[in-house]
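>>> Kindly generate the corresponding structure for this input.
(chains A and B)
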Amino acid sequence: MNLIGKRKIWYMISLVMIVPGVISLILYGLRLGIDFRSGQLLTVQGNVTIDQVQKAGVGLGLQDVQVVPSGGETEIRYRDTSPQNQHEANHQKLKAALADQHIEELSFDSVGPTVSSSIARNAIASLFLVSLAIVLYIAFAFRNAPPPVSPWSFGFMAIAALLHDAFFVLGVFSLLGHFLGVEIDSLFVTAILTVIGFSVHDTIVVFDRIRENLRRDKGSFEQIVNNSILETIARSINTSLTVLLTLLALLLFGGQSIRLFVLALLIGIASGTYSSIFNASPLLVTWHNYKLKRIEKARLAPKKA
Amino acid sequence: MSLRLKFILILVLAVVVAVLAYPREDAIFQVLHLEKKNSHVFGVRQGLDLQGGAQLVFQADFGKTPASQRQTAMDSLLAVMTKRANPNGTSEIEVRELGSDKVSISLPGERDVKDAIDRIGKTANLTFVEVDQSTGAQTPTGIDGKDVDSAYADYDPTRAQPVVHLQLKSGESTKKFGDLTTKLSQSGNLLLALLDGQPTFGPARTEAITDGNAILSGNMDVNTAKKIADEITAGALPVPVTLVEQRTVGPTLGQESVQRSLVAGIIGLSVVALFMLFYYRLSGLLAVLALIIYTALTLTLYKLSVFVPGYTIVLTLAGIAGFILSIGMAVDANILIFERMKEELRAGKSFVAAVETAFDRAWTSIRDSNVSTLITCIILYVTSSATPIIRGFAVTLGIGVLISMFTAVVITRTFLRITIRQSWGRNPKWYGVKVPEEANS
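As a prediction, the model looks like this:
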């Protein structure tokens, strides 16, 4: 089977998967939860309408009220404009006013602006740190990689694959946010970071085999990469299967409050398997060929001068 | 170490962790005279999202505190808040510094959050003020809550009402208070005690009190008297605080989450076990055995961490997800090894050679790939001091990765080595390998 020869098809599939989400990201962005933009979130068992909530909240100074049903639960989101020491009192009043709707409070979160900005800062810092640490680590782990590939190209192709996965998940959640009102919270950032870790985990296994085969095998770089992918494909798919099966069990049977977290992990890890087989290693070949062409050009250029 | 010894050690380990991980370990702890301190799922400490309760974050306002005294102010803020949140020091309530200017308090099982916020976040500044009997002009006396040693609520039979007893600190404070009350009793001026600007006593006449035992009386019921006494005893907050974050989880959500996660975990584990048996046959069976030891070992570690103060693993919902995820990952190392073993067998190598090569070759992949997940876990852990949910996930996933490397490389390997030394353990079919006829002969 020649996987590398069909690499343009694999790149196309990736584009088709990622482009809609990226467009949505540009147009609508992500719907930020209270962890990032501050505010109040009351989750209740049962159903209420936005009119009922607005009526119940009259005089409490609640702004940006949103009511989003999910499963048998309802998320009531708002921003309390009164001083911070009254937020809990207002929350109690709102709950009391909604008492005849047969709802039961599951959880209540209130996040102030100083906290939300530090959560956002931390999220960005950890994304940056994880990516940096991983490039450095791969470059280090592959420092003895035999020619024609430099350790750094292993690192950067792994980063390309992990960006693929991160943007796929971000795009899906941008679409979910726009069409279903799904908000992202700090757990979502955790999911992205975990997806990144897994994506690299998968990619490294294939790279490791490429390195081993480069030392041993003769043949073109393309062939060696292709063989390495084929030799590890059963492992890649089986490993992902076991992880995806456990995540699927969590998604179907686990708690409601981490459902979106598990969903982000699930699609991210699925995407990570795809990118480690069909993007990371083929990209090594594309990059290698590009460099060869450039060297060729450089060799021809002085003749023209 | 000989193979047989290794195998015996693994069996011993398996038995020990199975006993410890078994849900009814309480009896064992009792036999060993170890105190059981906390509520448990399987004896594992549960986070707020599982047992219900509240997490509060207060921001301290150090605007008026000189930079050199900030740490002192922070320390005393933590001390006072701890006294208020956890007066008996017995419960699982946790008060800790967050960043340089915040205090995070977790109150497991707390139902009356509004009361907790008031109780903990109140400044509780007690001051004594002299009130001129004719003009009503107020002058500070320089005596405040810092001069009070302790306070308790009592019922005063002569006044027929609840009162608050104050015990002033001996020495300077008692003397200052004695001088003040003597002066007031002679001049006829009134004494006023304010708690956060609210009068708790007076303005009223006072007699000379030189023994340091004062009584605050006024219109208060038993509960108010008790509250005031508690607030005065715990002391005033050195700086004002505001509540900047609050997360409350009701009791039903947590219980439901535990049950659901348990079901999800069991289903996930079973599906993975079935897959491994179906696909890798005999070696799959060995991997499943190793996986069961892995699960028990991990649970045991969670439980034992209860005895290591400061490093207790608190299981949150996200933490359970991390644990379940790590089950899926735990088999990854096995899959890497088995796939490699199949390859080597297909290439016609002997069983012993195939197993050894598989482990040698797969090891670099296992190491390099798990390190990337560990890097993620470490960075998540370091950047998540403010978000216990994320920290819980980072911890369980990280521990899972480490233990799974151990079980795959040590336990599965030992099992495999022993199996292939048996005559019945050398049938390629049992490993999902079709060996070409000519290679076999």
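>>> can I assume B:G202 sits in a helix?
No. Counting by DSSP: H, G, I helix; E, B strand; the rest coil, B:G202 falls outside a helix, being strand.
>>> Okay, and the residue nearest to it when sequence neighbours are not counted sits in which element?
Distance criterion Cβ to Cβ, 6 or more residues apart in numbering or on different chains; nearest residue to B:G202, sequence neighbours excluded, is B:L192 at 4.4 Å. In this view, the C-beta of every residue, glycine as well, is placed from N, C-alpha and C. Secondary structure assignment for B:L192, by DSSP states H and E: strand B:190-195.
>>> Give the other helices and strands that that strand contacts.
strand B:126-131, helix B:172-187, strand B:198-204, helix B:222-234 (3 or more Cβ pairs under 8 Å, 6 or more residues apart in numbering or on different chains; DSSP states H and E).
>>> Can you flag the weakest of the ones you listed by average pLDDT?
Lowest mean pLDDT within these: strand B:198-204, a mean of 72.
>>> list the contacts for whichever residue of the stretch 1-150 of chain A sits closest to chain B?
With distances taken as Cβ to the nearest Cβ, the stretch 1-150 of chain A approaches chain B most closely at A:G112, which sits 3.6 Å away. Going by Cβ atoms under 8 Å, 6 or more residues apart in numbering or on different chains, A:G112 touches A:38, A:84, B:59, B:242-245.
>>> Give me the nearest residue to it, chain neighbours excluded.
Closest residue to A:G112 apart from its sequence neighbours, by Cβ to Cβ, 6+ apart: B:V244 at 3.6 Å.
>>> where does the one you found land in three-state SS?
strand.
>>> Same question for B:P238.
The three-state label given to B:P238 by three-state DSSP is coil.
>>> ok, B:G322 touching B:L397?
Yes. With contacts counted by Cβ atoms under 8 Å, B:G322 reaches B:L397, the gap being 3.9 Å.
>>> quick revisit: which among the contacts of A:G112 count as buried?
Buried members of the contacts of A:G112, counted by 16 or more other Cβ atoms under 10 Å in any protein chain shown: A:38, A:84, B:59, B:243-245.
>>> Please compare those by their distance to A:S275 and name the closest.
Among these, A:S38 lies closest to A:S275 (Cβ to Cβ), at 34.8 Å.
>>> contacts for stretch A:166-184?
Looking at what lies outside stretch A:166-184 - Cβ under 8 Å, 6+ apart - the contacts are A:17-18, A:20-22, A:24-25, A:28-34, A:36, A:66, A:68, A:77, A:188, A:191-192, A:195-196, A:260, A:264, A:267-268, A:271.
>>> repeat for stretch B:206-214
The set of residues external to stretch B:206-214 that reach it, using Cβ under 8 Å, 6+ apart, is B:149, B:165-170, B:173-174, B:177-178, B:181-182, B:184-185, B:190-191.
>>> what distance separates the start and the end of that stretch?
By Cα to Cα, to the nearest Å, the extent of stretch B:206-214 from end to end equals 10 Å.
>>> Backbone dihedrals for the residue nearest to B:S76 when sequence neighbours are not counted, please?
Of all residues not flanking B:S76 in the chain, B:P238 sits nearest, at 4.9 Å (Cβ to Cβ, 6+ apart). With angles defined as degrees, to the nearest 10, B:P238 sits at phi -70, psi -30.
>>> coming back round to it: could you check the angle helix B:222-234 makes with the strand holding B:L192?
If you take axes from the mean of the first three to the mean of the last three Cα atoms, to 10 degrees, strand B:190-195 sits at 80 degrees to helix B:222-234.
>>> Low-confidence stretches in chain A?
For chain A, residues meeting the criterion pLDDT under 70 lie at A:302-305.
>>> wait, I meant chain B
Checking chain B against pLDDT under 70 turns up B:1, B:22-43, B:90-91, B:197, B:205, B:435-441.
>>> center of it, which residue is that?
Among the residues of chain B, the one closest to the centroid is B:V314, at 4.6 Å (Cα atoms, centre = their mean).
>>> With A:T194 as the reference, measure out to it.
Here the criterion is Cβ to Cβ, to the nearest Å. By it, B:V314 lies 19 Å from A:T194.
>>> Who are the contact partners of B:I324?
Neighbouring residues of B:I324 by Cβ under 8 Å, 6+ apart: A:246-247, A:249-250, A:254, B:261, B:264-265, B:268.
>>> B:A408 too?
Counted by Cβ under 8 Å, 6+ apart, B:A408 has contacts B:290, B:330, B:333-334, B:337, B:366.
>>> Equivalent analysis for A:Y137, please.
B:371-372, B:375.
>>> So which of those belong to strands?
Among those, DSSP state E puts none in strands.
>>> What about those, which one has the most neighbours?
When neighbours are counted by other Cβ atoms under 10 Å in any protein chain shown, B:S372 leads the contacts of A:Y137 with 27 neighbours.
>>> residue ranges for the strands of the stretch 1-150 of chain A, please.
Here the stretch 1-150 of chain A has its strands, by DSSP state E, counting those that start in this stretch, at A:39-45, A:62-70, A:73-80, A:104-111.
>>> could those strands go into CSV alongside mean neighbour count?
Output for the strands of the stretch 1-150 of chain A, formatted as CSV (neighbours: other Cβ atoms under 10 Å in any protein chain shown):
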stretch, mean neighbour count
strand A:39-45, 22
strand A:62-70, 15
strand A:73-80, 21
strand A:104-111, 21
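>>> Lovely, talk soon.
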